[in-house]
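[1] Coordinates for the following, if possible.
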Amino acid sequence: MENLNLLPGQMMLVSAKGVNGGKVSLEFAQSVETGKESTSLTGLLNASDERFNQAKPRRAWHTGQPEDIKKIFGVDVAGLGYGEELEIGELDPKVNGKPLNIQIVETTDGSDYDIANFETRAKRAGADGEFITTAGGEYIFQKLDVVIGQAKHRFIEDTVRKSATVEGAAASAIDDSINS
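    This is a model prediction of the structure:
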């Protein structure tokens, strides 16, 4: 399910995929409401133009045992082999009657994967936009997690846009992680 048209706040259990060790990775997507008001003048001046208001759903993955996935979500994924996928498309899944939400936590502490995939993992202003850093110049990474109940987002305040080449920014991020 590539293009999901989820309403604000709506969650979907998108799919399941067989992974190593007989486990299954579940993909979740949500049109996340962060409670943050837009500060983009262009966005505000074009609020009635749907092209400016098409936020892509955020996605998060969690891996589990097939029998536990069936018990919690009622989806039988036991037959999925490594790399096999099952499209689910369940809207607003719940755990013990409680809603699930994607929680966003921003950090300047990138994982090894974040550093190795810097071009796509560091926060940017749009897909190919400038990097968004702390006021002190540290690159920001977003960690997404599916939580039961209300999400408690944590965003880094006082950010700035930083013009940089991808190569220079990646080298700087790698240097920062090695020297910290």
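[2] chain center to the lengthiest strand in the chain: distance?
    Looking across the chain with DSSP state E, the single longest strand is strand 98-107. Distance of strand 98-107 from the chain centroid (CA atoms, centre = their mean, to the nearest Å) equals 9 Å.
[3] Check which residues of it are buried.
    By neighbour count on 16 or more other CB atoms under 10 Å, the buried set for strand 98-107 is Leu100, Asn101, Ile102, Gln103, Ile104, Glu106. Backbone N, C-alpha and C define where each C-beta goes, glycine included.
[4] Can you name the next helix or strand after it?
    Sequence order places helix 112-116 as the next helix or strand after strand 98-107, per DSSP states H and E.
[5] tell me which residues of the helix or strand following that next one are tucked away?
    Sequence-wise, the next helix or strand downstream of helix 112-116 (DSSP H and E) is helix 118-121. By neighbour count on 16+ other CB under 10 Å, the buried set for helix 118-121 is Phe118, Arg121.
[6] which secondary structure elements does helix 118-121 contact?
    helix 112-116, helix 166-179 (3 or more CB pairs under 8 Å, 6 or more residues apart in numbering; DSSP states H and E).
[7] Would you single out the least confident of those?
    Mean pLDDT is lowest for helix 166-179 out of the helices and strands packed on helix 118-121, coming in at a mean of 50.
[8] Which parts of this protein are strands?
    Using DSSP E, strands in the chain cover 11-18, 24-30, 58-64, 85-91, 94-95, 98-107, 131-134, 141-148, 159-162.
[9] Next, the angle from the longest one to strand 24-30.
    Angle, strand 98-107 to strand 24-30, by axes from the mean of the first three to the mean of the last three CA atoms, to 10 degrees: 90 degrees.
[10] can you check the third one too?
    Angle of strand 58-64 versus strand 24-30, following the same axes, to 10 degrees, is 160 degrees.
[11] in its sheet, what does strand 58-64 sit against?
    When pairs are called by DSSP bridges, strand 58-64 turns out to pair with strand 24-30 (antiparallel).
[12] What average pLDDT does the strand it pairs with get?
    Model confidence over strand 24-30, given as mean pLDDT, is 97.
[13] Return the alpha-carbon coordinates of that strand using PDB.
    Taking C-alpha atoms only, strand 24-30 is exported to PDB below (Å, rounded to 0.1, in the frame of the first residue of the first chain):
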ATOM      1  CA  VAL A  24       7.300 -11.200  11.400                       C
ATOM      2  CA  SER A  25       7.700  -7.400  10.900                       C
ATOM      3  CA  LEU A  26       4.500  -5.400  11.100                       C
ATOM      4  CA  GLU A  27       4.300  -2.100   9.300                       C
ATOM      5  CA  PHE A  28       2.100   0.700  10.800                       C
ATOM      6  CA  ALA A  29       1.200   4.000   9.200                       C
ATOM      7  CA  GLN A  30      -0.400   7.000  10.800                       C
END
